[in-house]
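Novice: Mind folding the following:
(2 chains)
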Amino acid sequence: MSSETSTKTPEAAAVPPSGPAPVNKRVPRGHKRLLTRRDRITLAFMAGVPTVLHVALVWVTALASIALAFTTWDGIGLGSIKWVGLDNFHQLFTDNPQFWPAVQHNIIWFVVLILVPTPFGLFLAVQLDKKIRFSRVYQTAFFLPVVVSLAVTGFVWQLVYNPDTGLINSLIGANKPGHYIDWIGDPHLNLWAVLIAASWRHAGYMMILYLAGLKGVDPSLREASSLDGANEWQTFKNVIFPTLRPTNTVVLVVTIIEALRAFDLVFVFNKGAQGTELLSILITNNIIGESSRIGYGSAIAVVLLVISLAVIIPYLIATFRKERRA
Amino acid sequence: MDVPPSGLSLPSPSRRGLLRGVGGAALLAGAGIPLLSACGSSGSSSDPKTVSLGSNSSDAVPKKAFAQIYEAFTKQSGIKVDVNTKDHNTFQEQINSYLQGTPDDVFTWFAGYRMQFFAAKKLASPIDDVWTKIGGDFPDAMKQLSKGEDGKYYFVPLYTYPWAVFYRKSVFTQHGYKVPTTWDQLVSLCKQMKKDGLVPIAFGDKDAWPAMGTFDQINFRLNGYDFHKSLMAGKESWTDAKVKAVFDHWAELLPYHQDGFMGRTWQDAAQGLVAKKSGMYVLGSFVAQQFTNKADADDLDFFPFPEINSAYGQDTVEAPTDGFMVSKAPKNKTGVTKLLEYLGTPEAEAIYLKSDPSVVAASSKADTSSYSALQKKAYTMISEAKSLTQFMDRDSRPDFTSTVMQPSLQKFLQNPKGVDSLLASIERQKKTIFASA
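Specialist: Sure thing, here's the model as predicted:
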């Protein structure tokens, strides 16, 4: 779609100034002043209150946690904040046995989401876009996991994976001593087990995004390709998929965000124990509680922030560049 | 009904818990700012006829039992107790900000290190005056548990419950097993049970705290109470050969533990004992809650963890104790003193135990006539103990136990061979955490 608009821009740039501009100017001419006093107060409130809230809740807290990452603090009294420089980070990178596994799991989370449920979601979307019978029913079925909260998803999948009484082990008889499959506890299995649950949800999410994208594909393109004698796969590969580029960008960003904020499912599943450590869970474990390690937890949060920025900044730069060009 | 005996396990995965978790993580720095704690305080400005009390007893049974105590107190003294009950886990997570804000006059809490921590931070008031009145009713071990590091009293214990090895009498009779009193007897009993087709030791460590109970038992049996206490206080090295020996003993027992424990909660593990599929279970007496059938419950029995080192025998009992503390600046000091004196009486304990028979009284004067056989045995074991421990996360810094020990013990259980590097890692992390105090 972006390619379409960009091809149109030369004409579009030529037309507008002559057309709508005078109309715009005529409207304010009816008023004596642009803004009344009341307007200005209203505006000040409308812009001011969100700004204050945003600064206080987003920027101050973010900067405070960055500052706290260089301290130790147990959360009791501001007097107990002690400056320790880079100690927290040093400890984190060298002594914390959970940190590197957590980073690794966040990466695995992203790779799996982008390689398995995303293509599957695209596949579903392409099938459903053909207006087959009961397409609405299928759509609803696949989208349902997205509607349900991840915490609930976690509970449901726990029932499936429970080693003693769960669905899988009961069906295949793997809940007896000797041949026992511990889906939730075994560090070689549990991350994959929880990723299946995450993928189950993610596929539905991707399907909806791609369905929306497919709705925007010009039907005449399909017609043209079928007139040219392209088969279904060729049409998809050479015509449909390239037009989905903007959707793909959104999908990529959404998936990265999903991988970085992965938390609730695992927290419900086994609280990020052996094999399922995640950065978000390490942060929570260190900060929440009666005698918390707020400085240390903040240091982990800063690491997560840096990773997020490293991903988001290139995306924003690319987006802004595109806008400027347009 | 999963009040963690350890207290500091993570919030149960309720929706609210999650939201709190997420919100807390997002707020980061905000987590400790007193502003969040406003919820607890009541409006009782300085009414001499009212004492406010913050309670973590959010479960139905204890909530009702406590309410009956306060009612009896009001009847006797004319002082009203204004109770603010908060969800058990929320209460623990917010305790920092709660005590720094405008806390209630009195609050429910745990004995041991976690009580001493807040006493040392000057977030609690000493109550020596109360203890001059109630001191005679408590055994020495309980007195020790109620004192801060400065030697002053800060805590009034109400009830306690022992950790031990639980088993079914009928299973033992059926197979002709004898209660093991030494380590070797325990190991050979495990072997025999395995031969007989039983799972020798029931185990579930999904919530990460039950393993700490096993560690405690082996450590104080092998190295004695003093070493255990001082290890928990961060004064001993985890790379010490004594600690290594604890893990060696544990590794010897591991093959007899129930498979797949990492994915199982303690409640599920208890089902093995209920169904007579498991022979023994090292846990707190709250395991009885899972025996809903009266006949099964009557069949449940326990024995103290067997002796490992004859120098210490079975002299230590792990008995987490719950009770009350006073906040830093109570509004109604006289009322508070009266209330705590009442809470220390055998009558108050009797009222509580009537409604909640899964625990035993902390007082040595309490009426034990209505106790079940299990309660009587638990009571005797605790009152005869030379030393009482609380639980790993009550005897040590909770931040250390939750962020270092819980994952480390789980790692050991997965891979018992990597002990040396694991202990070195624990020691390094311990040093930084205890240094930051």
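Novice: Where does pLDDT dip in the chain?
Specialist: All of this is about chain A. Along chain A, segments meeting pLDDT under 70 span A:1-33, A:291, A:326.
Novice: that answer is for a different chain, and I need it for chain B
Specialist: Within chain B, the ranges that satisfy pLDDT under 70 run B:1-46, B:436-437.
Novice: Pick out the residue of it closest to chain A.
Specialist: The nearest approach of chain B to chain A comes at residue B:262, 2.2 Å away (CB to the nearest CB). The way it works is simple: take the backbone N, C-alpha and C, and place the C-beta from them, glycine included.
Novice: So that residue is in contact with residue B:206, correct?
Specialist: Yes: if you go by CB atoms under 8 Å, residue B:262 and residue B:206 touch, sitting 6.5 Å apart.
Novice: Return every residue with contacts to both of the two.
Specialist: A:184, A:185, A:270, A:273 (CB atoms under 8 Å, 6 or more residues apart in numbering or on different chains).
Novice: Now flag whichever of these is closest to residue A:90.
Specialist: Nearest to residue A:90, judged by CB to CB, of the shared contacts of residue B:262 and residue B:206 is residue A:273 at 25.3 Å.
Novice: Strands of the chain, residue ranges please.
Specialist: No chain specified, so I'll use chain A. In chain A, the strands defined using DSSP state E lie at A:71-72, A:82-83, A:175-176, A:179-180.
Novice: right idea, wrong chain: chain B
Specialist: Using DSSP E, the strands of chain B run over residues B:50-55, B:80-85, B:106-110, B:156-160, B:163-168, B:199-202, B:278-284, B:300-303, B:316-318, B:321-326, B:360-361, B:387-389.
Novice: related to what we said a few turns ago, so what does the closest residue to the residue of chain B closest to chain A other than its chain neighbours look like in phi/psi?
Specialist: Sequence neighbours aside, residue A:185 is the residue nearest to residue B:262 in space, at 2.2 Å (criterion: CB to CB, 6 or more residues apart in numbering or on different chains). Dihedral pair for residue A:185: phi -100, psi -30, per degrees, to the nearest 10.
Novice: Residue A:210 - how many residues pack around it?
Specialist: Per other CB atoms under 10 Å in any protein chain shown, the neighbour tally for residue A:210 reads 24.
Novice: Name all residues that make contact with it.
Specialist: Residue A:210 makes contact with A:121, A:122, A:124, A:125, A:126, A:244, A:247, A:251, according to CB under 8 Å, 6+ apart.
Novice: what do you get for residue A:113?
Specialist: A:195, A:198, A:199, A:202, A:255, A:258, A:259.
Novice: mind redoing it with 10 Å?
Specialist: Residue A:113 makes contact with A:195, A:198-199, A:201-203, A:205-206, A:251, A:254-256, A:258-259, A:262 under the criterion CB atoms under 10 Å, 6 or more residues apart in numbering or on different chains.
Novice: before we move on, what about residue B:67?
Specialist: So residue B:67 contacts B:55, B:57, B:81, B:83, B:85, B:351, B:355 (CB under 10 Å, 6+ apart).
Novice: quick one, longest helix in the chain?
Specialist: Answering for chain A, as no chain was given. In chain A, with assignment by DSSP state H, the single longest helix is helix A:294-325.
Novice: if you could check chain B rather than the one you did, that'd help
Specialist: Chain B, longest helix under DSSP H: helix B:210-232.
Novice: on that earlier part again, and the contacts of residue A:113, which two are furthest apart?
Specialist: Pairwise distances across those (CB to CB) peak at 17.7 Å, for the pair A:195 and A:251.
Novice: For residue 205, the count of nearby residues, please.
Specialist: Reading this off chain A. Neighbours of residue A:205 using other CB under 10 Å come to 21.
Novice: let's do chain B instead
Specialist: A count of nearby residues for residue B:205, using other CB under 10 Å, gives 27.
Novice: just residue A:56 next, same as before
Specialist: 10.
Novice: From the centroid of chain B, which residue is nearest?
Specialist: Taking CA atoms, centre = their mean, the centroid of chain B lies closest to residue B:320, which sits 3.4 Å from it.
Novice: so residue B:431 makes contact with residue B:237?
Specialist: Yes: contact criterion CB atoms under 10 Å: residue B:431 and residue B:237 qualify, at 9.2 Å.
Novice: gap between the residue of the stretch 101-250 of chain A at minimum distance from chain B and residue B:274?
Specialist: Nearest residue of the stretch 101-250 of chain A to chain B, counting by CB to the nearest CB: residue A:185, 2.2 Å away. Counting by CB to CB, to the nearest Å, the separation of residue A:185 from residue B:274 is 21 Å.
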